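K.L.:
just the structure for this:
(3 chains)
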Amino acid sequence: MSGRADNADLGRDGPELKVLVRDLYESYCATLDDGDLNGWPDYFTEDCNYRVQSSENFDLGLPHAPIFCRGKGMLRDRVSASGVMVYEKRRQRRFVTNVRISEYEPVIRASASFLLTECMLDRDPVLAMTGRYIDTLRKDNGRLLLQDRLCVYDNYRIVQNLIYPI
Amino acid sequence: MSGRADNADLGRDGPELKVLVRDLYESYCATLDDGDLNGWPDYFTEDCNYRVQSSENFDLGLPHAPIFCRGKGMLRDRVSASGVMVYEKRRQRRFVTNVRISEYEPVIRASASFLLTECMLDRDPVLAMTGRYIDTLRKDNGRLLLQDRLCVYDNYRIVQNLIYPI
Amino acid sequence: MSGRADNADLGRDGPELKVLVRDLYESYCATLDDGDLNGWPDYFTEDCNYRVQSSENFDLGLPHAPIFCRGKGMLRDRVSASGVMVYEKRRQRRFVTNVRISEYEPVIRASASFLLTECMLDRDPVLAMTGRYIDTLRKDNGRLLLQDRLCVYDNYRIVQNLIYPI
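P.N.:
Purely as a prediction, here's the structure:
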């Protein structure tokens, strides 16, 4: 059994799974948009990978990524690090659309488009980043968790700076 | 019965309710994007509250809001006022994502993220506003209506000006 | 039987149809965002119309449209033409929301809002275009196809240039 998205089985399970995945993505964004950084690692499995990478590097298969975390511990470390960093206050908002599921067994492979806006205290809102999430998800006690999240951004450079996770 | 979103009942009623709420939000945006200002008050109950407030004020619990309407009459008044105002022609579009329902009984409490774009006659399109809707909804004759809509914007200031409702 | 969206039947078929139409729109965007121009004509019927038009012209009922293709052959021609054009490399992303169905029989009439972002190699991401799709869709062997797609953009001019389809 292939578990590919073109499998007829997905017609049965697909739409419901898509609703679940979209709910997860929206909840993830809400957590970050609300500034609840401590809640962010909870969306991941213990052995997760989290990377933020440019399209150039992704397309060429190059490994460098401005953020590269292996395991939930590194996510927690990143969160606590942001507590000691000095940076301008900002408000971010994430808009996720185009959720697609390409594989659903044994792991779920999904992707989505994201748009990140950033509002600083003295500037008009900017389009800080656009890109896509390329994910592997796993069910854990009936809950979906991110095992691998790769955020590939379209911009040629980071617009302001990269403090919060994408 | 708590009616909180973590109640198991929401698992049964939740997804359908979410579809209804999202449909309402999309229809609300379409009405405004199409320039049908007169249709806008129809989304509200007679005793509604409608406010547009900055994040700063919202976070500090301060009451000031650039737009503060109590009751459907004030919404209608605002619509007719915009007919005598002098301003540059513009085209707006609202993108709503991240619809979440936190409570569903006795009233429905929901929130969503919005992104507002504005196109003037002689400038490239701008990201005019981003923020969130914080709503209380009520069913009235089988139809969902907004009893309380609070639009909290992320920007530190209104980008061009605030003529149409958000 | 009117087939209008206010028909009670749509309550039965509507939500499912809306999911199908949204899936089609998302898949369409993904194809273009991924740069798969050759896959683009497959979303259309043989006798399709595809137009990109300004709001000004659309509102005044004027026929001029910067892109006007009659029939799938002209779509294919446009795709192959883009292979010989000289232009700056760019990455685009399409965000579609607000899918609405106004008629479902004998053809499906649907509309949606789109937001197009563009990332060049040496500039920060821009909001290249916002607007709406106004579509007529037809079922063909159980698959939805675009028979008529009209992209009406809000901007007063094309921001950079119009190389890829919207």
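K.L.:
give me the element residue A:69 is part of.
P.N.:
When secondary structure is defined by DSSP states H and E, residue A:69 falls within strand A:67-70.
K.L.:
convert the C-alpha atoms of that strand to PDB, please.
P.N.:
Extracted C-alpha coordinates of strand A:67-70, given in PDB (Å, rounded to 0.1, in the frame of the first residue of the first chain):
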ATOM      1  CA  ILE A  67      17.900  28.400  11.700                       C
ATOM      2  CA  PHE A  68      18.600  24.700  12.100                       C
ATOM      3  CA  CYS A  69      17.300  22.900  15.200                       C
ATOM      4  CA  ARG A  70      17.600  19.200  15.900                       C
END
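K.L.:
packing partners of the next helix-or-strand element following that strand?
P.N.:
Moving toward the C-terminus from strand A:67-70, the next helix or strand (DSSP H and E) is helix A:72-82. Helix A:72-82 is packed against strand A:44-54, strand A:67-70, with contacts defined by 3 or more Cβ pairs under 8 Å, 6 or more residues apart in numbering or on different chains; DSSP states H and E. Where C-beta positions appear, they are placed from N, C-alpha and C, glycine not excepted.
K.L.:
nearest approach to residue B:38 belongs to which of the ones you listed?
P.N.:
Ranking these by proximity to residue B:38 (Cβ to Cβ) places strand A:44-54 first, at 45.9 Å.
K.L.:
what's in contact with the helix or strand following that closest one?
P.N.:
Following strand A:44-54 in sequence order, the next helix or strand is helix A:55-60 (DSSP H and E). In this structure, residues lying in contact with helix A:55-60 by Cβ atoms under 8 Å, 6 or more residues apart in numbering or on different chains are A:62, A:63, A:64, A:65, A:131, A:150, A:152, A:153, A:154, A:156, C:91.
K.L.:
just name the shakiest helix or strand of chain A by mean pLDDT.
P.N.:
Lowest mean confidence among the helices and strands of chain A (mean pLDDT, DSSP states H and E): helix A:8-33, at a mean of 80.
K.L.:
hmm, it in reach of chain B?
P.N.:
Yes: interface with chain B: helix A:8-33 contributes A:19, A:26, A:27, A:29, A:30, A:33 (Cβ under 8 Å from any Cβ of the partner chain).
K.L.:
picking that back up, farthest-separated two in the contacts of helix A:55-60?
P.N.:
Longest span within those, Cβ to Cβ: A:63 and C:91, 20.5 Å.
K.L.:
which one of these two is surrounded by more residues?
P.N.:
Neighbours were counted for residue A:63 and for residue C:91 using other Cβ atoms under 10 Å in any protein chain shown; residue C:91 has more, 20 against 8.
K.L.:
surely that one touches residue A:154?
P.N.:
Yes: using Cβ atoms under 8 Å, residue C:91 is in contact with residue A:154, at 4.1 Å.
K.L.:
quick check: neighbours shared by the two?
P.N.:
Common neighbours of residue C:91 and residue A:154 (Cβ under 8 Å, 6+ apart) are A:55, C:119.
K.L.:
residue numbers of chain A in contact with chain B?
P.N.:
Residues of chain A lying near chain B (Cβ under 8 Å from any Cβ): A:19, A:26-27, A:29-30, A:33, A:91, A:93-97, A:115, A:117, A:119-127.
K.L.:
all set now, cheers.
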